[in-house]
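Trainee: just coords:
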Ligand SMILES: [Zn+2]
């Protein structure tokens, strides 16, 4: 999933990393002849990449971000299978917030079209939902889930 570059920094080994708006970091090494990013070596080159986007594979894998997150209540409870509602649609947090979806009972299937994700989630499992990503939750029988919101700080 494409994410905007907010800035650059170095890791413990001195390699350049791009700080992405999603809270993940991505290495942007320059190691010729195999990895060629001569622009990263100079401040002007890095500055020219600010605001552009990189594909974030960590968002694609639903990995929790490396930057610090703050829990933002209220949590939202989702009940499925009651009153013939077996599907929950979420348009995605436009604010750039991260969320977790945790199933407290039952079984459900999580679908994230933008990331080609369709997989079962089981009780007790908390799945990370990256910012600005819509999802659907399906349950064949009754299920309850909790959606928690986190803000990057
Ligand atoms: Zn990401």
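Mentor: Received it, and whenever you're ready, just let me know what you need. This structure is a prediction, so every number in the text was calculated from the model and none was measured.

Trainee: next SSE after the longest helix seen in the chain?
Mentor: Taking residue count as the measure and DSSP state H as the definition, the longest helix of the chain comes out as helix 43-49. Along the chain past helix 43-49, the next helix or strand (assigned with DSSP states H and E) turns out to be strand 53-55.

Trainee: pop the domain breakdown of the protein in here.
Mentor: Listed by automatic domain parsing, the domain ranges of the chain are 2-60, 69-152.

Trainee: can you say which of these is nearest to the ion?
Mentor: For the domains of the chain, distance to the ion was read as CB to the ion. The smallest value, 3.3 Å, belongs to domain 2-60. Using the backbone N, CA and C atoms, a C-beta is placed for each residue, glycine as well.

Trainee: off-centre distance for the closest one?
Mentor: Once both centres are worked out by CA atoms, centre = their mean, to the nearest Å, domain 2-60 turns out to sit 18 Å from its chain's centre.

Trainee: and what of stretch 113-127?
Mentor: Remark: stretch 113-127 is offset 12 Å from the chain centroid, using CA atoms, centre = their mean.

Trainee: contacts for it next, please.
Mentor: For stretch 113-127, the surrounding residues in contact (CB atoms under 8 Å, 6 or more residues apart in numbering) are 1, 59-60, 62, 100-112, 130, 133-134, 136.

Trainee: then stretch 37-57?
Mentor: When contacts are defined by CB under 8 Å, 6+ apart, stretch 37-57 is touched by residues 1-8, 16, 18, 20, 22, 24, 26, 28-30, 32.

Trainee: ditto for stretch 72-82
Mentor: Stretch 72-82 has contacts (CB under 8 Å, 6+ apart) with 85-88, 97, 106, 108, 137-151.

Trainee: could you rerun that using 10 Å?
Mentor: Defining contact as CB atoms under 10 Å, 6 or more residues apart in numbering, one finds that stretch 72-82 is touched by 85-88, 90, 93, 95, 97-108, 137-151.

Trainee: flag every residue of the protein that's near the ion.
Mentor: Residues of the chain found near the ion, taking CB under 5 Å from the ion as the criterion, are 22, 24, 56, 58, 59.

Trainee: what strand or helix carries the residue lying closest to the second one once chain neighbours are set aside?
Mentor: Spatial nearest neighbour of residue 24, excluding adjacent residues (CB to CB, 6 or more residues apart in numbering): residue 58 at 4.4 Å. Assigned by DSSP H and E, residue 58 belongs to helix 57-60.
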